[in-house]
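Enquirer: Need a 3D model of the sequence below.
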Amino acid sequence: MAERVDFWFDPICPFAFATSRWILEVEKVRDVETHWNVMSLGVLNEAKNASPEEDEDVLARWIPARTATAVSQRAPEKLGDFYTAAGTQIHINGHRDFEAVARRAVTEVGLDESLVDEAKTDKHDDVMRASHQEGISQVGQDVGTPVVAFGGTAFFGPVITRIPQGEEAGKLFDASVTLANYPYFFELKRSRSETPQFD
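Expert: All right, here's what the predicted structure looks like:
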């Protein structure tokens, strides 16, 4: 039976998208199955920013995670595909009109654009906040996205800027599993010297 990996993401985070592409590579070489969950950088940082109801720019940044939450409620089996579609537009194709990105992504996965209309409201915010809290409560408030959980533990990251392929992806997963098995291990960190590369 495949090992369950829970992955929390906000579609607008480039580091989460890089890590998500890695975990899809891991699925090809290790017996794991990814379950997608929504985090919200908007929720994480809301004490520092205006509310989405007060500021159109803030609202725009909330739309991808809100739409992902709407997808999770309407068709949970399509959440990973929605994330791939939206993330590809944002991080590979460079589209920054997040409402247009969300509309194109829901259409691409065979869902109705009304989900994006819902995402412009707080209709699914309670569900999004609960999902966000489920992920962040496992790693603490001083981190971001992605959060990856498996084998009874969770961590922020791995934060990567390139996407390992094949067995290299598997080895990075094995190393992550090894570190996760030590309950007293908490952090390795170095300054990032590059942004995610998707080519």
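
Enquirer: Could you use CA atoms for every contact and neighbour count after this?
Expert: Will do.

Enquirer: hey, which helix or strand in the protein has the poorest pLDDT?
Expert: The helix or strand of the chain with the poorest confidence is strand 153-156; it has a mean of 90 (mean pLDDT, DSSP states H and E).

Enquirer: what are the pairing partners of that strand, and which direction each?
Expert: For strand 153-156, the paired strands and their directions (DSSP bridges) are strand 147-150 (antiparallel).

Enquirer: Packing partners of the longest helix belonging to the chain?
Expert: Counting residues, the longest helix found in the chain (DSSP state H) is helix 56-74. When contacts are defined as 3 or more C-alpha pairs under 8 Å, 6 or more residues apart in numbering; DSSP states H and E, helix 56-74 sits against strand 32-38, helix 41-44, helix 79-87, helix 98-108, helix 114-119, helix 125-136.

Enquirer: which residues sit in contact with the closest residue to G80 other than its chain neighbours?
Expert: In this structure, G80 finds its nearest non-sequential neighbour in W36, 6.0 Å apart by C-alpha to C-alpha, 6 or more residues apart in numbering. By C-alpha atoms under 8 Å, 6 or more residues apart in numbering, the contact list for W36 reads 6-9, 79-80.

Enquirer: Tell me the buried residues in the least confident helix or strand of the chain?
Expert: Burial within strand 153-156, assessed by neighbour count using 16 or more other C-alpha atoms under 10 Å, is assigned to 154-156.

Enquirer: TSV for those, including distance to R129?
Expert: Shown next, in TSV, are those (distance: C-alpha to C-alpha, whole Å):
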residue	distance to R129
A154	18
F155	19
F156	18
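
Enquirer: For L79, give its distance to H91.
Expert: 17 Å (C-alpha to C-alpha, to the nearest Å).

Enquirer: Let me know the angle separating the longest helix of the chain from helix 98-108.
Expert: Going by axes from the mean of the first three to the mean of the last three C-alpha atoms, to 10 degrees, helix 56-74 is angled at 20 degrees with respect to helix 98-108.

Enquirer: pLDDT at E77, what is it?
Expert: At E77 the predicted local confidence, pLDDT, stands at 98.

Enquirer: Give the burial count for it, as a bare number.
Expert: When neighbours are defined as other C-alpha atoms under 10 Å, E77 has 13 of them.

Enquirer: Could you do A16 as well?
Expert: Counted with other C-alpha under 10 Å, the neighbours of A16 add up to 28.
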